[in-house]
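Visitor: Structural data only, the sequence is not supplied:
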């Protein structure tokens with residue numbers, strides 16, 4: 001199995017386990033995080049960029065495909081806030097590849113794997129022109145003014161989805177509207 005880590009740093013020779021800052025998972029101790037190849041494009045964006053990633057699943061209805069994909073033939077769509085587009089266009093990232101040995105799945109739906117031991121990458125490659133890279137992986141990038149209403153809709157849809165760094169999203173326009181709490 002091929003696993004990856006996307007970083008804004010080009011010179012990581014060894015990945016040391018770090019404290020886990022995510023309350024969503026019950027993890028004892030420190031960890032090195034990795035992503036599987038299927039979910040890799042979800043990370044071809046600046047680290048702190050809030051995003052909603054969607055794709056069709058076996059239970060996705062035709063109505064949801066029409067509503068969220070429209071005429072798009074893309075396998076996945078990533079929605080980002082419009083204010084992030086300039087940074088996305090300029091960002092350079094570095095993709096580190098790991099041997100899957102020593103990692104265990106922590107969330108197979110999201111493609112997350114962790115290792116409690118230091119990991120030496122097999123190789124590193126530079127990723128430029130992030131929107132173009134996404135296209136190569138059959139992912140369409142769509143900017144929105146706000147992600148909050150889409151977030152609420154997608155949670156209740158039949159789509160497969162991942163929501164990353166929503167804590168960094170601009171505050172909802174309608175402060176009085178009720179939204180699902182962030183994990």
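Guide: Looks like it arrived, so ask away. Remember, it's a predicted structure, so these values are computed and weren't measured experimentally.
Visitor: First-to-last residue distance for stretch 37-50?
Guide: Using C-alpha to C-alpha, to the nearest Å, the end-to-end distance of stretch 37-50 comes out at 20 Å.
Visitor: can you give me the offset of that stretch from its chain's centre?
Guide: Taking C-alpha atoms, centre = their mean, to the nearest Å, one finds the center of stretch 37-50 at 4 Å from the center of the full chain.
Visitor: Please apply the same query to stretch 70-82.
Guide: Here stretch 70-82 is found 13 Å from its chain centre; the criterion is C-alpha atoms, centre = their mean.
Visitor: Stretch 145-163 too?
Guide: Its chain's C-alpha centre and that of stretch 145-163 lie 14 Å apart, by C-alpha atoms, centre = their mean.
Visitor: Can you mark which positions in that stretch are buried?
Guide: Buried residues in stretch 145-163, counted by 16 or more other C-beta atoms under 10 Å: 146-148, 150-151, 154, 157-163. (C-beta placed from N, C-alpha, C; glycine too.)
Visitor: Okay, now the unreliable bits of the chain?
Guide: By pLDDT under 70, the low-scoring segments of the chain are 23, 175-183.
Visitor: Now residue 111: closest residue in space that isn't a chain neighbour?
Guide: Among residues not flanking residue 111 along the chain, residue 39 sits closest, at 3.1 Å (C-beta to C-beta, 6 or more residues apart in numbering).
Visitor: One more: residue 77?
Guide: Among residues not flanking residue 77 along the chain, residue 140 sits closest, at 4.8 Å (C-beta to C-beta, 6+ apart).
Visitor: isn't the one you found right up against residue 134?
Guide: Yes: if you go by C-beta atoms under 8 Å, residue 140 and residue 134 touch, sitting 7.4 Å apart.
Visitor: so what sits against both of these two?
Guide: residue 78 (C-beta atoms under 8 Å, 6 or more residues apart in numbering).
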